[in-house]
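Student: predicted model and sequence below, questions to follow.
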Amino acid sequence: MAGEGPAFAAAEMAEELLDGSLLLLRRWSASGGGGELLGTWDAVRAGVVAPALAAASGACLAMSAMLLAEAVFMAAASLARRRPERRYRAEPLGACDGEDEESGLLGYPMVLVQIPMYNEREVYKLSIGAACGLSWPSDRVIVQVLDDSTDPTVKDLVELECKLWAKKGKNVKYEVRNNRKGYKAGALKEGMLHAYVQQCDFLAVFDADFQPEADFLIRTIPYLARNPQIALVQARWEFVNPNECLMTRIQKMTLDYHFKVEQEAGSSTFAFFGFNGTAGVWRISAIKEAGGWDDRTTVEDMDLAVRAGLKGWKFVYVGDVKVKSELPSSLKAYRRQQHRWTCGAANLFRKTGKEILLTKEVSFWRKLYLLYSFFFVRKVVAHVVPFMLYCVVIPLSVLIPEVTIPAWGVVYIPTTITLLYAIRNPSSIHFIPFWILYENVMSFHRTKATFIGLLEFGSVNEWVVTEKLGNSSKTEPVPQILERPRCRFWDRWTM
């Protein structure tokens, strides 16, 4: 064959090089060179590598114990919760409600609904239509569409949609800016400066892919109108595309745990949790007292919640109220979203830690909860440990015999945390092995984002809007149960 000559020549040359290399290695080893190298490695391993790995192992095990204690605390707090309507007054409002008339709210308070969006061609109709369909007196609600789109075609479509709803009698305001300064926080902040906002008492925020049910305001506003100490009512997210792929199913598991356990625990213990940025209603006076929206981080929602919490305001999570939204269905979109959330939270910890420590307006225990539980354990330790312990320390300990990691750190703690997670997602328990693998894959990305936020590296303020595909049109809507459900013991785990 014509090609056999060069191929055989190359094979013979490679074989000669390999034989020569092996011969040199044998001669070097026979002369004592191999022993010297092994002796040097043993000395370096025993004097430098092993102590460093042992220190890293001790730190990771201590942080693992913190994660376990936090998981047990949140599970207990969320299980023992009292329903929000039992802790706060939440009777429906009425036009002839005398108590509200005395407080100046005239039965139905004035509500501003803000919908920030950026080139949302696929979903803009869904959010605007859902907001305009809210069951609330039309003269007591203003829908404000904050369009930062850079695509002229999309801007024209959004403006046309607003005009169509305005012709139907809805009070819709279409607002644009000539720049994107501050991104979402900047748009929300500028939206609050319009004169008509001054007549509003409460603010509901929905991202462009969120579709609230018609009774959303009816079920959330009473908590604010009847309890002057409450600043925020947060609803739960529901998803229109959880079964699109394995990645969206895993996202649903993670977010369901966040709402069922983390948000519920924060609400029922210290009346504080991080605002999720959408599907929530704020008291406007609380926003103003806290200093308004701030674009210093990429988590303007959490930033506002922390500042309002330091002023003594209380938050309530209402898990029975659910708002449909879309999960990122591509790995690229999900990674960018996770980078923004993880990096922004770590950066906010860096910027507010001292303020939390020095404030005198809240109790010592609330400050401890904010610094240790909310920020340090959940926003730093929870991201660093999965990568450092399971992807770095444990694999390296196999090569370093001087370092032994106890079984309780390798097996018992992660197993217990996984079981606490799994029992709150009983319908998805068969996906737990995939969730473990996926979370370990994402752990490096989240660890990197955490240190970028803590150290304020270059991409600390990187903001990329999560891509939306408008998948709600492909999924049958989940019916909303309006009557009060029975609350059995098992429901406390699975709701």
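Tutor: All right, it came through fine.
Student: need the longest helix for the protein.
Tutor: Of all the elements of type helix in the chain, the one with the most residues (DSSP state H) is helix 50-79.
Student: so how far is the helix or strand just after that one off the chain centroid?
Tutor: Tracing the chain C-terminally past helix 50-79 and defining elements by DSSP states H and E, one meets helix 84-87 next. In terms of CA atoms, centre = their mean, to the nearest Å, the gap separating the centre of helix 84-87 from the centre of its chain is 25 Å.
Student: kindly report the same for stretch 155-165.
Tutor: Distance of stretch 155-165 from its chain centroid, counting by CA atoms, centre = their mean, is 31 Å.
Student: please apply the same query to stretch 69-79.
Tutor: 19 Å.
Student: state the mean pLDDT of that stretch.
Tutor: Regarding stretch 69-79, the rounded mean pLDDT is 93.
Student: coming back round to it: buried stuff in the longest helix of the chain?
Tutor: Residues of helix 50-79 classed as buried under the neighbour-count rule (16 or more other CB atoms under 10 Å) are 50, 53-54, 56-57, 60-61, 63-64, 66-68, 70-71, 74-75, 77-78. For the C-beta atoms, the positions are set from N, CA and C on the backbone; glycine is no exception.
Student: same question, stretch 176-194
Tutor: 182-192.
Student: show residues contacting that stretch.
Tutor: With CB atoms under 8 Å, 6 or more residues apart in numbering as the contact definition, stretch 176-194 has outside contacts at 114, 116, 118, 144, 146-148, 150, 155, 173, 175, 197, 203, 205, 277, 284, 287, 292-295, 298, 300, 303, 463.
Student: which ones among those residues lie within strands?
Tutor: Taking DSSP state E as the definition of strands, these contribute 114, 116, 144, 146-147, 173, 175, 203, 205.
Student: do a quick rundown of the helices in the stretch 301-450 of the chain.
Tutor: With DSSP state H, counting those that start in this stretch as the criterion, the stretch 301-450 of the chain has helices at 331-358, 364-368, 382-387, 394-399, 407, 413-422, 432-455.
Student: next, format those helices as TSV and append distance to residue 108.
Tutor: Supplementary listing: the helices of the stretch 301-450 of the chain in TSV, determined by distance: least, CB to CB, whole Å:
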stretch	distance to residue 108
helix 331-358	35
helix 364-368	33
helix 382-387	41
helix 394-399	58
helix 407	61
helix 413-422	41
helix 432-455	41
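Student: which one of those lies nearest to residue 229?
Tutor: Ranking those by distance to residue 229, with CB to CB as the measure, places helix 364-368 first at 13.7 Å.
Student: what average pLDDT does stretch 254-267 get?
Tutor: In this model, stretch 254-267 has a mean pLDDT of 94.
Student: just the CA trace of it, in PDB.
Tutor: Written as PDB, here are the backbone C-alpha positions of stretch 254-267 (Å, rounded to 0.1, in the frame of the first residue of the first chain):
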ATOM      1  CA  THR A 254     -33.000  22.800  44.400                       C
ATOM      2  CA  LEU A 255     -35.400  25.700  44.300                       C
ATOM      3  CA  ASP A 256     -38.200  23.700  45.900                       C
ATOM      4  CA  TYR A 257     -35.900  23.000  48.900                       C
ATOM      5  CA  HIS A 258     -34.900  26.700  49.000                       C
ATOM      6  CA  PHE A 259     -38.600  27.800  49.300                       C
ATOM      7  CA  LYS A 260     -39.900  24.900  51.400                       C
ATOM      8  CA  VAL A 261     -37.000  24.900  53.900                       C
ATOM      9  CA  GLU A 262     -34.800  28.000  53.700                       C
ATOM     10  CA  GLN A 263     -37.400  30.700  53.100                       C
ATOM     11  CA  GLU A 264     -39.900  29.000  55.500                       C
ATOM     12  CA  ALA A 265     -37.300  28.700  58.200                       C
ATOM     13  CA  GLY A 266     -36.300  32.300  57.900                       C
ATOM     14  CA  SER A 267     -39.800  33.500  57.900                       C
END
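Student: in it, what counts as buried?
Tutor: For stretch 254-267, the buried set under the neighbour-count rule, 16+ other CB under 10 Å, comprises 255-267.
Student: mind listing what residue 266 touches?
Tutor: When contacts are counted by CB under 8 Å, 6+ apart, residue 266 is found next to 272-274, 315, 317, 374.
Student: closest one of those to residue 423?
Tutor: Checking the contacts of residue 266 against residue 423 with CB to CB, the nearest one is residue 317 at 19.9 Å.
Student: surely that closest one meets residue 230?
Tutor: No - with contact defined as CB atoms under 8 Å, residue 317 does not reach residue 230; the gap is 11.2 Å.
Student: out of those two, which sits in the busier spot?
Tutor: In this comparison of residue 317 against residue 230, neighbours counted by other CB atoms under 10 Å, the higher total goes to residue 317 at 26 against 22.
Student: quick one, grab the pLDDT at the more buried one.
Tutor: Confidence per residue is given as pLDDT, and for residue 317 that number is 97.
Student: contact partners of stretch 134-141?
Tutor: 95, 108-113, 169-171, 212, 214-218.
Student: right, I mislabeled it, should have said stretch 294-302
Tutor: By CB under 8 Å, 6+ apart, the residues outside stretch 294-302 that reach it are 181-186, 188-189, 274-278, 293, 303-304, 307, 340-341, 343-345, 347-348, 351, 460-463.
Student: report the buried members of these.
Tutor: Judged by neighbour count, with 16+ other CB under 10 Å as the criterion, the buried members of the contacts of stretch 294-302 are 182-186, 188-189, 274-278, 293, 303-304, 307, 340-341, 343-345, 347-348, 351, 460-461, 463.
Student: pLDDT-wise, which helix or strand of this protein ranks last?
Tutor: Of all helical and strand segments in the chain, the minimum by mean pLDDT, DSSP states H and E falls on helix 491-494, at a mean of 42.
Student: can you tell me which residues contact the nearest residue to residue 392 once chain neighbours are set aside?
Tutor: Residue nearest to residue 392 in three dimensions, not counting chain neighbours: residue 56, with 7.6 Å by CB to CB, 6 or more residues apart in numbering. Applying CB under 8 Å, 6+ apart to residue 56 gives the contacts 388, 392-393.
Student: picking that back up, off-centre distance for the longest helix of the chain?
Tutor: From the chain centre to the centre of helix 50-79 is a distance of 21 Å (CA atoms, centre = their mean).
Student: between that helix and helix 413-422, how many degrees?
Tutor: For helix 50-79 against helix 413-422, the angle by axes from the mean of the first three to the mean of the last three CA atoms, to 10 degrees is 20 degrees.
Student: picking that back up, now, which of the contacts of residue 266 lie within strands?
Tutor: Assigned to strands by DSSP E, the following of the contacts of residue 266 qualify: 315, 317.
Student: any idea which of the contacts of residue 266 is closest to residue 243?
Tutor: Of all the contacts of residue 266, the one with the least separation from residue 243 (CB to CB) is residue 317, at 25.6 Å.
Student: who are the neighbours in contact with the closest one?
Tutor: Taking CB under 8 Å, 6+ apart as the contact definition, residue 317 lies against 84, 233-234, 236, 259, 263-264, 266-267, 273.
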